[in-house]
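> Can you look at this prediction? I've put the sequence above it.
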Amino acid sequence: MAESMCARMMTFVKREWWLIATVTAVAMTVAVVPAMRSEPSVTATARIAVDAASPGRVRGVLLPDDLVRESSTEQFRAAVAQEAGVAADEVAGALRVAASGSPITKVTVTCTMSSQDTAERVAQAAARTLIEAHLAAVASQIDMRERRVEIAQQALKDLASTGASATTAEAVFDRWNIEMALVDQQDALQALRNVYLYDGSVTSSITSVRSRAMRSAIGGLVLGFVAGAVLAVAREQFLASRAA
């Protein structure tokens with residue numbers, strides 16, 4: 001049965017090869033010509049490290065998906081454009097933000113433009129703006145933790161100023177409690193600040209006209225072959241219905 005099916009398919013292709021070839025050639029031409037007329041492009045990439053444990057356990061922290069959604073807002077794009085010194089409409093079409101990992105450990109910012117310098121500036125500005133959005137969301141918590149740290153530090157100074165009484169069991173216990181509270185608040189403060197970290201680095205890759213044309217040609221080949229085969233089947237059915 002498989003052999004008969006293959007034989008029918010070969011017969012079908014032999015009869016309709018000209019239609020499949022024509023549609024494929026047209027699709028490849030349509031795909032390749034614009035690519036050949038385009039300019040080389042540069043994709044700049046900035047990566048934000050994510051403390052995978054923090055977004056889910058720290059109250060008020062923006063989740064990675066929240067950052068991705070934030071990157072699509074007009075306000076965000078305007079802020080990035082202003083920092084990078086480009087037009088907002090350029091940012092809208094060139095900037096992409098995606099979260100990856102399971103759990104998520106990285107937020108990747110990419111910007112594709114014709115100028116490497118501009119693409120890198122936009123990618124860096126976008127990464128910094130995302131960090132600022134996170135810090136703005138947890139600003140009240142950071143302020144609260146900072147005040148608690150200051151209070152604990154002042155309490156330790158007050159205990160130290162009591163002199164000899166600091167050697168009593170009660171004073172030692174009080175100091176221990178304050179030190180533990182201070183460590184807890186400092187750890188929480190560090191966790192809030194370090195949920196998302198960006199070191200300012202950026203990498204770039206150049207897509208040449210030839211590479212773009214090759215990818216377009218492959219895409220046109222696949223699409224054209226499928227479309228040609230569909231048209232060929234429709235033509236065969238039409239001819240068969242007329243013959244009947």
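Sure thing, it's come through.

> Let's test this: mean pLDDT of the helix or strand I131 falls within, rounded?
Secondary structure from DSSP states H and E places I131 in helix 116-137. Computed over helix 116-137, the mean pLDDT rounds to 92.

> Only the buried residues of whichever helix or strand comes after it, if you could.
Sequence-wise, the next helix or strand downstream of helix 116-137 (DSSP H and E) is helix 139-160. Residues of helix 139-160 classed as buried by neighbour count (16 or more other Cβ atoms under 10 Å): 141, 145, 148-149, 152, 155, 159. Using the backbone N, CA and C atoms, a C-beta is placed for each residue, glycine as well.

> and what of stretch 26-35?
Going by neighbour count (16+ other Cβ under 10 Å), the buried part of stretch 26-35 is 27-28, 31-32, 35.

> just curious, which of the residues you listed is nearest to T112?
Of all the buried residues of stretch 26-35, T112 sits closest to A35, with 14.4 Å by Cβ to Cβ.

> roughly how far apart are the nearest residue to L159 once chain neighbours are set aside and K157?
Nearest non-adjacent residue to L159, counting by Cβ to Cβ, 6 or more residues apart in numbering: R175, 5.5 Å away. The spacing between R175 and K157, counted by Cβ to Cβ, to the nearest Å, is 11 Å.

> And V122, by the same measure?
48 Å.

> Likewise for S71?
Counting by Cβ to Cβ, the gap from S71 to K157 is 45 Å.

> Look up phi and psi at E74.
As for E74, its main-chain torsions (degrees, to the nearest 10) stand at phi -70, psi -40.

> what about it, neighbour count?
Look at E74: counted by other Cβ atoms under 10 Å, it has 10 neighbours.

> circling back to that earlier point, could the buried residues of helix 139-160 be laid out in CSV, adding pLDDT and distance to G228?
Shown next, in CSV, are the buried residues of helix 139-160 (pLDDT from 0 to 100; distance: Cβ to Cβ, whole Å):
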residue, pLDDT, distance to G228
Q141, 86, 61
R145, 86, 65
R148, 89, 70
V149, 88, 70
A152, 87, 75
A155, 84, 80
L159, 77, 85
